[in-house]
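[1] okay, predicted coordinates and the sequence, questions at the end:
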Amino acid sequence: QVTLRESGPALVKPTQTLALTCTFSGFSLSTTGMSVSWIRQPPGKALEWLARVDWNDDKYYSTYLKTRLTISKDTSKNQVVLTMTNMDPVDTATYFCARQPVNVGWFDPWGQGTLVTVSP
Amino acid sequence: DIQMTQSPSSLSASVADRVTITCRASQRLSNYLNWYQQRPGKAPKLLIFGASTLQSGVPSRFSGSGSGTDFSLTISSLQPEDSATYYCQQSYTTPYTFGQGTKLEVK
């Protein structure tokens, strides 16, 4: 059974750096063709893809957020970490991680998500 | 970035009705189009991938069609548990993009 779980702070202040961890089981990021993506969803709004890290450590980022995002993996711990710098209240959202086979690009399954609020 | 436009933004229908949600891409995707269902307070769930392939465990009343730039999701006989927001997503190229969502209410 494949599962993913997001963890990190529920509240951050403006200008701070956010670090979120995705801990997964049931698959390995050392498997050829496998990747993990981060997606976020502001309250009441649509989904927005943020970043992807592949089994071979290739990385891809949102066009609009790439200067603020860093994604990394720790294969031995089955974890993927996303950092986002210079947080702003508009970054308030639920952040999801999801498994993603690279060759088809769909997200399945997703973690339950973690709500991050940016407020002074 | 590829823009994804869904319509309608919301709709209301009755149990046993047939509904169709459409998704249009700003450039051709071949069949790299996926559909998700999101119930309130929950993570999205993959329904259909590759434009028309039903994910394992998804009821057969869900179906997808289309290729190129125009796609659709059809629910053939609505059930109360189908009340949710539905999103399309292109996986043709990074950065991946989603439609704005279609909120479906089953009366």
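    Thanks, I have the structure now.
[2] who touches whatever residue of chain A ends up closest to chain B in this structure?
    Per C-beta to the nearest C-beta, residue A:105 is where chain A lies closest to chain B, at 2.4 Å. Backbone N, C-alpha and C define where each C-beta goes, glycine included. Going by C-beta atoms under 8 Å, 6 or more residues apart in numbering or on different chains, residue A:105 touches B:32, B:34, B:91-92, B:96.
[3] just the residues you listed now: which is nearest chain A?
    Using C-beta to the nearest C-beta, the contacts of residue A:105 come closest to chain A at residue B:91, 2.4 Å.
[4] right, and the closest one touches residue A:106 too?
    Yes: counting by C-beta atoms under 8 Å, residue A:106 is a contact partner of residue B:91 at 5.9 Å.
[5] okay, and the common contacts of those two?
    Taking C-beta under 8 Å, 6+ apart as the criterion, residue B:91 and residue A:106 both touch residue B:34.
[6] now the most centrally placed residue in chain A, nearest residue through space, not along the chain?
    When C-alpha atoms, centre = their mean is applied to chain A, the residue found nearest the centroid is residue A:38 (2.7 Å). Nearest residue to residue A:38 in three dimensions, chain neighbours excluded: residue A:50, at 4.3 Å (C-beta to C-beta, 6 or more residues apart in numbering or on different chains).
[7] run through who's touching the helix or strand that the one you found is a member of.
    Here residue A:50 sits within strand A:48-54, counting by DSSP states H and E. Defining contact as C-beta under 8 Å, 6+ apart, one finds that strand A:48-54 is touched by A:29, A:34-42, A:59-62, A:65, A:69, A:71-73, A:80, A:82, A:84, A:93, A:95, A:100, A:102, B:89, B:94-98.
[8] likewise stretch B:55-66?
    By C-beta under 8 Å, 6+ apart, stretch B:55-66 touches A:108, B:23, B:31, B:33, B:35, B:46-49, B:51-54, B:71-79.
[9] in strands, which of those fall?
    Applying DSSP state E to these, the entries found in strands are B:23, B:33, B:35, B:46-49, B:53-54, B:71-75.
[10] which of those ranks first by neighbour count?
    Ranked by neighbour count (other C-beta atoms under 10 Å in any protein chain shown), those have residue B:33 at the top, with 32 neighbours.
[11] ok, back up a step: now do the residue nearest to the centre of chain A against residue B:19, distance only.
    According to C-beta to C-beta, to the nearest Å, residue A:38 and residue B:19 sit 31 Å apart.
[12] contact partners for residue B:107?
    Contacts of residue B:107 (C-beta under 8 Å, 6+ apart): B:12-15.
[13] of the residues you listed, grab the buried ones for ChimeraX.
    Here is the ChimeraX command that selects only those of the contacts of residue B:107 that count as buried (16 or more other C-beta atoms under 10 Å in any protein chain shown):
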select /B:13
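[14] for the contacts of residue B:107, which one is nearest chain A?
    residue B:12 (18.3 Å).
[15] related to what we said a few turns ago, I'd like the ones in strands among the contacts of stretch B:55-66 as JSON lines, with pLDDT and distance to residue A:120 appended.
    Listed next are those as JSON lines, based on pLDDT from 0 to 100; distance: C-beta to C-beta, whole Å:
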{"residue": "B:23", "pLDDT": "98", "distance to residue A:120": "39"}
{"residue": "B:33", "pLDDT": "97", "distance to residue A:120": "41"}
{"residue": "B:35", "pLDDT": "98", "distance to residue A:120": "39"}
{"residue": "B:46", "pLDDT": "98", "distance to residue A:120": "38"}
{"residue": "B:47", "pLDDT": "98", "distance to residue A:120": "40"}
{"residue": "B:48", "pLDDT": "98", "distance to residue A:120": "43"}
{"residue": "B:49", "pLDDT": "97", "distance to residue A:120": "42"}
{"residue": "B:53", "pLDDT": "97", "distance to residue A:120": "47"}
{"residue": "B:54", "pLDDT": "98", "distance to residue A:120": "47"}
{"residue": "B:71", "pLDDT": "98", "distance to residue A:120": "43"}
{"residue": "B:72", "pLDDT": "98", "distance to residue A:120": "45"}
{"residue": "B:73", "pLDDT": "98", "distance to residue A:120": "42"}
{"residue": "B:74", "pLDDT": "98", "distance to residue A:120": "47"}
{"residue": "B:75", "pLDDT": "97", "distance to residue A:120": "44"}
